[in-house]
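**Student:** need coordinates for the below:
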Amino acid sequence: MKNYVLIQVIAGIYLMIFVAALYFATGVQTGFKLDDNQLIGYGGCGILLVSLVASLFTVKIKLQKGMAVLLTLCCVGLLFNGVNFNEAFWYFILFVVLIPFWMLLETVIFVTQRE
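**Tutor:** Numbering: from 1, shown residues only. This is a model prediction of the structure:
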């Protein structure tokens with residue numbers, strides 16, 4: 001159970017970092033800009049948010065393992081969504097790239113452990 005909560009926390013942190021990276025990548029004093037690349041990023045963040053909220057209500061272990069895999073796929077999908085890495089997005093690049101691999105590792109540990 002402890003690993004499942006850790007996966008949820010990692011997904012929440014990644015969601016906040018990715019939204020902040022998208023916001024700051026729009027340029028100086030532009031705010032939320034919805035061009036083609038960033039709209040895909042915000043859409044992926046929305047899917048991750050819905051998956052994260054749904055994962056909070058799962059109680060059966062099989063569903064929790066499925067939700068852990070879904071959260072990991074959402075984070076890895078955000079990693080490869082083709083966001084335009086311009087301007088301030090580079091400040092977050094280390095977190096944006098490394099957190100999905102950490103989450104993948106935690107998910108593999110959680111899914112493969114015995115009950």
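
**Student:** what helix or strand is residue 57 on?
**Tutor:** Using DSSP states H and E, residue 57 sits within no helix or strand.

**Student:** who touches the helix or strand containing residue 98?
**Tutor:** Using DSSP H and E, residue 98 falls within helix 93-112. The set of residues external to helix 93-112 that reach it, using Cβ atoms under 8 Å, 6 or more residues apart in numbering, is 3-4, 6-7, 10-11, 13-14, 17-18, 21, 65, 68-69, 71-72, 75-76, 78-79, 85, 89. The way it works is simple: take the backbone N, C-alpha and C, and place the C-beta from them, glycine included.

**Student:** alpha carbons only: can I get it in CSV?
**Tutor:** The C-alpha trace of helix 93-112 is given here as CSV (Å, rounded to 0.1, in the frame of the first residue of the first chain):
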residue,chain,number,x,y,z
ILE,A,93,14.0,19.6,-18.1
LEU,A,94,15.8,17.5,-15.5
PHE,A,95,12.6,16.9,-13.5
VAL,A,96,10.5,16.4,-16.6
VAL,A,97,12.8,13.7,-17.9
LEU,A,98,13.8,11.9,-14.7
ILE,A,99,10.6,11.7,-12.8
PRO,A,100,8.8,9.3,-15.3
PHE,A,101,11.7,6.8,-15.0
TRP,A,102,11.5,6.9,-11.2
MET,A,103,7.8,6.4,-11.4
LEU,A,104,8.3,3.5,-13.9
LEU,A,105,10.7,1.9,-11.4
GLU,A,106,8.3,2.2,-8.5
THR,A,107,5.4,0.9,-10.6
VAL,A,108,7.4,-2.2,-11.6
ILE,A,109,8.2,-2.8,-8.0
PHE,A,110,4.6,-2.4,-7.0
VAL,A,111,3.1,-4.5,-9.7
THR,A,112,5.5,-7.4,-9.3
